[in-house]
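Asks: predicted structure and sequence below. I'll ask about it afterward.
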Amino acid sequence: VAGSRPTSFKFLREHNHLRVVDVLHRRGEASRAEIARQTGLSRTTVSTIVTELLETGLVIERAATGASAKEGQVGRPPVLLALDPTSAYAVGVDFDHHRILVAVADLSLQVLAEREAGWDVDHDATGAIARAAELVDEVLVEAGVDRDRVLGTGVALAAPVDHEAGAIHSSGVLPSWVGRDVMAELQAALGTEVRIDNDANLGALAEVTRGAATKARFVAYVSISSGIGAGLAIDGRPYRGFKGIAGEFGHILMDPNGTLCRCGNRGCLETLAAGPALSALYGTSRGVEVTIPELVALAQEGDAGSSRVIADAGLAVGQALACLVTIMGPETVVVGGELSEAGEILLEPMRRAVLRYAPPASTRELTIVPGALGGRASLIGAIALVLTQSTEVVASRIAEAMAS
Ligand SMILES: [Zn+2]
């Protein structure tokens, strides 16, 4: 297939071509008229550029479907343009505290193959990286993707990450990962370029790009799994704070005399509402250890104890969220992570707490919604991290991959 395509993509470096690719890259698909509106280029210029891009195979045409076909259309729907999703691929790796998720997706963020493996990620970085490399090999084989066509691997870590330097801040949260050149180790093990970010930031990126908050500009994403984190998008851009230290929402103080947290403080939100706390609470009454998915399943079957545990977690998170909402002023709060699969059992008490503890002006138009991507948000966000790099980077990497 590669042989039938022209090998020179020099034009991709031309500004107007890049702007057209950028619109398609950001929006997924667009009509010629939409591209002209978005870029400010004339219809004729757009037409000429699109014809060139179609000839290379980088851009394809497809008939409008679903929502885009309905938008006030009478008669024939417009032909939409998109980047050929199979021209390049991206890999995502999510190192959660106790499991590793890996997936490969095409340019349209369509996941082609996916793996999950249990692992003590916090205390065994070396083993976790090696296991992730095996899982990446497996998904590439299953999807039939050549490693040369992989633009890069996005990696989610459950710790504050200096996004620019690709390093983890020294903290008690991921003991075996601190002080290592994680970026270099991952690049060597995975055989691709690597970009690293905090898991909640990536969950937010996924929900803003392809999930529950695609229309909102001021978004707080809160993830509740074995840890609790927040990712913020302010005026459409991720907000990471100084060197990536923002969003450590799980370590907001709830009770100065509370249980010792893994971060070294006492009474953090995580000690009340994260997976291990909920499991311990439920275990006390039933004498059984449950995972979060098991706890959620029990509650949905009508089990009173598990429902109460989840509802109380919702109240605690809502109380902390009231502070976040008061300061940040988001229009949408997206609740993700494994516990969000409990739906209204979690969200109803959370909304009640936010309404009660935040000032009315902050909550009048606020919506608190479940994430669309559940426990997979950070994984999808890791892939999006690679695919949402600047168009210049993506376009030239695609060109290289297609020429190879
Ligand atoms: Zn803590």
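Replies: Cool, got the structure.

Asks: from here on, just use CA atoms for contacts and neighbour counts.
Replies: Will do.

Asks: for the stretch 201-350 of the chain, which segments count as helices?
Replies: Assigned by DSSP state H, counting those that start in this stretch, the stretch 201-350 of the chain shows helices spanning 270-273, 275-286, 292-300, 304-328, 344-357.

Asks: adding distance to the ion, write those helices out as JSON lines.
Replies: Output for those, formatted as JSON lines (distance: least, Cα to the ion, whole Å):
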{"stretch": "helix 270-273", "distance to the ion": "6"}
{"stretch": "helix 275-286", "distance to the ion": "12"}
{"stretch": "helix 292-300", "distance to the ion": "19"}
{"stretch": "helix 304-328", "distance to the ion": "13"}
{"stretch": "helix 344-357", "distance to the ion": "20"}
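
Asks: of all those helices, which one is nearest residue 215?
Replies: Shortest separation from residue 215 across these is recorded for helix 304-328, at 17.8 Å, computed as Cα to Cα.

Asks: tell me the buried residues in that closest one?
Replies: 305-307, 309-326 (16 or more other Cα atoms under 10 Å).

Asks: check the offset of it from the chain's centre.
Replies: Chain-centre distance of helix 304-328: 22 Å, with Cα atoms, centre = their mean, to the nearest Å.

Asks: which ones are touching residue 85?
Replies: 106-108 (Cα atoms under 8 Å, 6 or more residues apart in numbering).

Asks: hmm, try it at 10 Å
Replies: If you count contacts by Cα atoms under 10 Å, 6 or more residues apart in numbering, residue 85 has them with 28, 58-60, 105-110.

Asks: wait, what's in contact with residue 144?
Replies: Neighbouring residues of residue 144 by Cα under 10 Å, 6+ apart: 112-113, 138.

Asks: roughly how far apart are it and residue 101?
Replies: Relative to residue 101, residue 144 is positioned 19 Å away (Cα to Cα, to the nearest Å).

Asks: leaving out chain neighbours, which residue sits closest to the residue in the stretch 101-250 of the chain that the ion sits nearest to?
Replies: When distances are taken as Cα to the ion, the stretch 101-250 of the chain reaches nearest to the ion at residue 250, 6.4 Å away. Sequence neighbours aside, residue 228 is the residue nearest to residue 250 in space, at 4.4 Å (criterion: Cα to Cα, 6 or more residues apart in numbering).

Asks: swap in residue 130?
Replies: Leaving aside its chain neighbours, residue 130 sits nearest to residue 189 (6.8 Å; criterion: Cα to Cα, 6+ apart).

Asks: tell me the secondary structure at that neighbour.
Replies: Three-state call for residue 189 (DSSP: H, G, I helix; E, B strand; the rest coil): helix.

Asks: right, and it touches residue 133 too?
Replies: Yes - with contact defined as Cα atoms under 10 Å, residue 189 reaches residue 133; the gap is 5.9 Å.

Asks: okay, these two: which has more neighbours?
Replies: residue 133 (19 against 16; other Cα atoms under 10 Å).

Asks: can you list the weak-confidence ranges in the stretch 151-300 of the chain?
Replies: 170-173 (pLDDT under 70).

Asks: need the strands for the stretch 51-200 of the chain, in chain order.
Replies: Assigned by DSSP state E, counting those that start in this stretch, the strands in the stretch 51-200 of the chain fall at 59-63, 79-83, 89-95, 99-106, 111-118, 150-157, 161-162, 167-168, 194-198.
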